[in-house]
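Q: Sequence first, then the predicted structure, then my questions.
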Amino acid sequence: MTFLCLASYDKGHDFLRECKRQGCTVLLLTSLSLQHKGQWPTDSIDEVFYMPDDNHHWDLPQTLNAVSYLARSRVIDRIVPLDDFDVEVAATLREHLRVPGMGGTTAHYFRDKLAMRMKAREAGLAVPEFVHVLNYDRVREFMERVPAPWVLKPRSMAGAIGIKKVHHPDELWRMLDALGDLQSRYLLERFVAGDIFHVDTIVYESEVLFSIASGYARPPMEVSHQGGIFATHILERDSEDAGRLLTENGRVMAGLGMLRGVSHTEFIKGREDGRIYFLETSARVGGAYIANMVEAATGVNLWAEWARLEVAGGDSPYRPPEPRQDYAGLLISLARQEHPDTSAYTDPEIVWRLHKDHHAGLLVKSPSAARVQELLASYSHRFEQDFYAYIAP
């Protein structure tokens with residue numbers, strides 16, 4: 001089989017390696033701006049092609065023409081997006097080349113924050129009240145009915161990029177004036193105070209074969225906008241929160257139509273009412289090194305398993321490995337130093353260290369969830385003294 005992997009950012013190395021281990025021909029289409037920066041596993045890639053990009057974004061008609069040209073001399077069996085920004089591009093290419101996999105309509109449910117909320121609400125999931133920033137009368141009615149604060153969210157960005165908290169109608173109208181013709185690409189949502197969780201999942205032929213629930217120490221949006229240490233950890237598997245999150249995640253996968261693939265889905269547990277609200281989902285492996293944490297706790301490499309199930313393609317049986325039952329936690333901080341030194345952190349539970357300019361990060365693993373949380377709490381305080389830096393978004 002020949003895989004065309006789309007990667008507007010440098011990620012997914014384990015996916016590429018597993019494809020090659022499975023005997024596939026691996027074609028990589030990536031951003032021209034990464035030509036001399038990417039650290040790709042070249043021994044697992046047969047050919048690399050570069051697309052001109054504007055801050056890692058490709059022109060869709062140009063990309064469609066380029067891939068169609070490649071297909072004149074290569075039979076492409078799978079098209080896989082390795083980053084969130086590539087999901088819709090991959091769906092368009094699949095439909096144009098008639099390659100199996102997720103099409104445009106379903107891809108929108110896993111990429112467009114408005115589409116996924118509407119679909120989740122139709123499926124009976126709890127979703128914070130929202131309105132499309134389109135018809136001004138509906139926006140006004142929403143602000144009169146739903147008490148502030150609200151959150152203005154771009155429909156097709158990733159993570160916390162572009163999200164803004166709004167406290168007053170006048171503040172919103174100023175933001176919309178600044179957006180101009182781009183404002184229809186946003187939604188306005190009730191801000192729900194509470195704890196943020198994520199569930200990382202493997203689905204094959206509409207069956208959830210693996211899922212694990214984790215909790216952020218602080219909401220990612222808060223860390224992104226106000227600064228602080230990013231941290232997350234695997235929840236105790238028999239806890240009430242973990243059970244509820246896995247149940248809701250299964251409903252999300254079924255309601256939004258995930259046939260096969262991997263997903264990273266986020267929920268919030270409302271502080272006032274204790275309800276589990278769906279926030280957003282995706283059709284790719286979670287970012288911020290969360291896959292490393294999942295592998296440390298379970299032995300399941302989400303990138304590699306994604307490659308294996310894509311090769312199986314619904315025509316062959318697929319099962320992920322039996323997961324281990326350990327716990328893991330991750331913390332990452334911007335660092336004042338260009339090359340921060342974490343050698344003073346010597347606990348035996350440390351299984352991974354981040355090596356990235358102006359970043360410090362550690363991953364810990366233990367049979368005890370309590371020990372993981374104890375280490376994360378201690379390290380968060382130490383990171384603030386040793387490394388922490390803040391850059392305004």
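A: Great, that's in hand.
Q: So H167 versus T265, what's the distance?
A: 28 Å (Cβ to Cβ, to the nearest Å). C-beta coordinates here come from the backbone N, C-alpha and C atoms, glycine included.
Q: Give me the more crowded residue out of these two.
A: T265 (26 against 11; other Cβ atoms under 10 Å).
Q: Pull the contacting residues for that one.
A: Going by Cβ atoms under 8 Å, 6 or more residues apart in numbering, T265 touches H198, V199, D200, T201, N249, V252, F278, E280, T281, S282.
Q: Relative to Y216, how far out is L16?
A: Using Cβ to Cβ, L16 is found at 29 Å from Y216.
Q: These two: who's more crowded?
A: More crowded of L16 and Y216, by other Cβ under 10 Å: L16, with 26 against 20.
Q: I'd say the more buried one and C5 touch.
A: Yes: the pair L16 and C5 passes the contact test of Cβ atoms under 8 Å, sitting 6.3 Å apart.
Q: thinking again about what came up before, mind checking which of the contacts of T265 are in helices?
A: N249, V252 (DSSP state H).
Q: of the contacts of T265, closest to A389?
A: A389 has its nearest neighbour among the contacts of T265 in H198, at 25.0 Å by Cβ to Cβ.
Q: pretty sure that closest one contacts H264?
A: Yes: the pair formed by H198 and H264 meets the contact definition of Cβ under 8 Å, at 6.1 Å.
Q: which neighbours do those two share?
A: G286, I290.
Q: how about the closest residue to L152 other than its chain neighbours, what does it touch?
A: Distances taken as Cβ to Cβ, 6 or more residues apart in numbering place K164 nearest to L152, at 4.7 Å, with adjacent residues excluded. Listed by Cβ under 8 Å, 6+ apart, the contact set of K164 reads V151, L152, M175.
Q: Save the residues you listed as JSON lines, and put in pLDDT, distance to S44 and secondary structure too.
A: Formatted as JSON lines, these follow (pLDDT from 0 to 100; distance: Cβ to Cβ, whole Å; DSSP: H, G, I helix; E, B strand; the rest coil):
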{"residue": "V151", "pLDDT": "95", "distance to S44": "40", "secondary structure": "strand"}
{"residue": "L152", "pLDDT": "96", "distance to S44": "41", "secondary structure": "strand"}
{"residue": "M175", "pLDDT": "96", "distance to S44": "45", "secondary structure": "helix"}
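Q: Identify, from the residues you listed, the entry nearest to L70.
A: L152 (39.1 Å).
Q: I'd like to know how far the closest one sits from H167.
A: Using Cβ to Cβ, L152 is found at 11 Å from H167.
Q: In the helix or strand hosting A115, which residues are buried?
A: Using DSSP states H and E, A115 sits in helix 113-122. The neighbour-count check on helix 113-122 (16 or more other Cβ atoms under 10 Å) flags K113, L114, A115, M116, R117, M118, K119, A120 as buried.
Q: Now it - C-alpha only, CSV.
A: C-alpha atoms of helix 113-122 as CSV (Å, rounded to 0.1, in the frame of the first residue of the first chain):
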residue,chain,number,x,y,z
LYS,A,113,-16.1,23.8,16.3
LEU,A,114,-19.6,25.0,15.2
ALA,A,115,-20.4,21.8,13.2
MET,A,116,-19.3,19.5,16.0
ARG,A,117,-21.3,21.4,18.6
MET,A,118,-24.5,21.3,16.4
LYS,A,119,-24.0,17.6,15.7
ALA,A,120,-23.2,16.8,19.4
ARG,A,121,-26.4,18.7,20.5
GLU,A,122,-28.4,16.7,18.0
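Q: which residues are in contact with that helix?
A: Applying Cβ under 8 Å, 6+ apart, the external contacts of helix 113-122 come out as 108-110, 127, 130, 132, 153-156, 187, 189, 252, 255-256, 278, 280-281.
Q: Tell me which helix or strand comes right after it.
A: Next element after helix 113-122 (DSSP H and E): strand 130-132.
Q: That following strand pairs with which strands?
A: Partner strands and pairing direction for strand 130-132 (DSSP bridges) are strand 186-190 (antiparallel).
Q: Give me the contacts around the partner strand.
A: Against strand 186-190 from outside (Cβ under 8 Å, 6+ apart): 113-114, 117, 128-133, 139, 142-143, 146-147, 150-155, 166, 172, 179.
Q: From the residues you listed, list just the buried residues.
A: By 16+ other Cβ under 10 Å, these give 113-114, 117, 128, 130-133, 139, 142-143, 146, 150-155, 166, 172 as buried.
Q: Please enumerate the strands of the stretch 251-393 of the chain.
A: Ranges of strands within the stretch 251-393 of the chain are 261-270, 276-280, 327-334, 350-353, 359-366, based on DSSP state E, counting those that start in this stretch.
Q: Contact partners for D53?
A: So D53 contacts S8, S31, L32, S33 (Cβ under 8 Å, 6+ apart).
Q: For the residue lying closest to the first one once chain neighbours are set aside, give me phi and psi.
A: In other words, S8. Take S8 and drop its neighbours on the chain: the residue closest to it by Cβ to Cβ, 6+ apart is H56, 4.4 Å away. Reported as degrees, to the nearest 10, the phi and psi values for H56 are phi 70, psi 10.
Q: Show the pLDDT at H56.
A: Predicted confidence (pLDDT) for H56: 84.
Q: cool, the one 3 residues further on as well?
A: Taken from the predicted model, the pLDDT recorded for D59 is 92.
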